[in-house]
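Asker: The amino acid sequence is not available; the structure is as follows:
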């Protein structure tokens, strides 16, 4: 009989032991629901049938929902445990002081959360977009990997991760390189000496650009600079995006060097430039 009473008291939320047991139960249920929600969202977004879903909005909303699960679990737990319910009046009396203290302590966190909601509503960028932003290291270009409750994560071309607080992200000027039309013109200036065959050099540049599979359309190759050192031809090519444009520029520069060497077209030498300037 005594064992039975202890068992009953043990699962009574009015007792210390019961309150602890129910706290573990509510925390466990909240964790399971939160993980289940996250797993469901990631699984839905991974399907090809849902490629047109706004992934940024869905992921951000899912994070808010996960936070809401824990808040609701705490409220239900507080209403269930008499000791916490009895403290309600005291909490209400001191809510002003608590709000001020919490606001001062977490102003950056709350600011990032509000800024994240602002980014979600105005949608200057989405997950997968390619952005240029100002960072302590200078101008950074990267792909948006995620927009969390507090931070925006970008992955650069050299596989570095740039973590930007939402508050800073919402207040700085960023360039979206993929919104609407990600196509970009790749401009490649090439210098040749004054005595080189200009028409032959232009024909080689146009030929190499047209043969490269990364080229969408060749715009032209006009003379853009002329001085006592040589002639600058600027090859302009349309590419799918800035990443392809950077790769194309590297490919063409290497091919131009080899082709010009075999066809007798010379680049202005540094020694000659020093002599003329002196």
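Answerer: Everything's here; your move. Remember, predicted model here, so these are calculated numbers, not experimental data.
Asker: mind listing what the most centrally placed residue in the chain touches?
Answerer: Centroid check for the chain by Cα atoms, centre = their mean gives residue 144 as the closest residue, at 1.9 Å. Neighbour list for residue 144: 56, 125-131, 152-154 [criterion: Cβ atoms under 8 Å, 6 or more residues apart in numbering]. Using the backbone N, CA and C atoms, a C-beta is placed for each residue, glycine as well.
Asker: Pull out the buried positions in the helix or strand containing it.
Answerer: Counting by DSSP states H and E, the element that carries residue 144 is strand 138-147. Neighbour counts over strand 138-147 (16 or more other Cβ atoms under 10 Å) mark 140-144, 147 as buried.
Asker: Distance to residue 190 for these - can I get that in TSV?
Answerer: Formatted as TSV, these follow (distance: Cβ to Cβ, whole Å):
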residue	distance to residue 190
140	28
141	24
142	29
143	30
144	34
147	41
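Asker: Need the max-distance pair from the residues you listed.
Answerer: For the buried residues of strand 138-147, the maximum inter-member distance is 17.5 Å, found between 141 and 147 (Cβ to Cβ).
Asker: Please report phi then psi for the closest residue to residue 22 other than its chain neighbours.
Answerer: Distance criterion Cβ to Cβ, 6 or more residues apart in numbering; nearest residue to residue 22, sequence neighbours excluded, is residue 13 at 5.1 Å. Residue 13 has phi and psi values of phi -60, psi -10 when expressed as degrees, to the nearest 10.
Asker: which regions of the stretch 1-150 of the chain sit below the pLDDT cut-off?
Answerer: 1-11, 45, 47-57, 83-108 (pLDDT under 70).
Asker: Helices along that one, start to end?
Answerer: For the stretch 1-150 of the chain, the helices defined by DSSP state H, counting those that start in this stretch cover 2-10, 16-45, 55-80, 82-86, 88-93, 95-105, 107-122.
Asker: mind listing what's buried in the third one?
Answerer: Meaning helix 55-80. Residues 55-56, 58-60, 62-63, 66, 69, 73, 77, 80 are the ones in helix 55-80 that count as buried (16+ other Cβ under 10 Å).
Asker: which helices and strands sit right next to that helix?
Answerer: Counting contacts by 3 or more Cβ pairs under 8 Å, 6 or more residues apart in numbering; DSSP states H and E, helix 55-80 packs against helix 16-45, helix 82-86, helix 107-122, strand 138-147.
Asker: Start and end of stretch 233-244, how far apart?
Answerer: 21 Å (Cα to Cα, to the nearest Å).
Asker: can you check stretch 121-140 too?
Answerer: 24 Å.
Asker: who's in contact with it?
Answerer: Contacts for stretch 121-140 (Cβ under 8 Å, 6+ apart): 54-57, 59, 119, 141-147, 154, 156, 162, 164, 169, 172-179, 182, 241-243.
Asker: what do you get for stretch 69-76?
Answerer: By Cβ under 8 Å, 6+ apart, the residues outside stretch 69-76 that reach it are 26-27, 29-30, 33-34, 37.
Asker: sorry, back to before: turn the contacts of residue 144 into a markdown table, including distance to residue 249.
Answerer: A markdown table is the format used below for the contacts of residue 144 (distance: Cβ to Cβ, whole Å):
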| residue | distance to residue 249 |
| --- | --- |
| 56 | 31 |
| 125 | 25 |
| 126 | 27 |
| 127 | 27 |
| 128 | 23 |
| 129 | 22 |
| 130 | 17 |
| 131 | 20 |
| 152 | 28 |
| 153 | 27 |
| 154 | 22 |
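Asker: before we move on, back to that, from the buried residues of strand 138-147, which is closest to residue 266?
Answerer: Closest approach to residue 266 among those (Cβ to Cβ): residue 141, at 34.3 Å.
Asker: The closest residue to that closest one other than its chain neighbours: neighbouring residues, count only.
Answerer: In this structure, residue 141 finds its nearest non-sequential neighbour in residue 132, 4.9 Å apart by Cβ to Cβ, 6+ apart. Residues lying near residue 132 (other Cβ atoms under 10 Å) number 15.
Asker: What of residue 164?
Answerer: Counted with other Cβ under 10 Å, residues neighbouring residue 164 total 22.
Asker: Return the distance of it relative to residue 144.
Answerer: Distance, residue 164 to residue 144, by Cβ to Cβ, to the nearest Å: 10 Å.
Asker: Quick check: neighbours shared by those two?
Answerer: Looking at what touches both residue 164 and residue 144 (by Cβ under 8 Å, 6+ apart), the common residues are 152-154.
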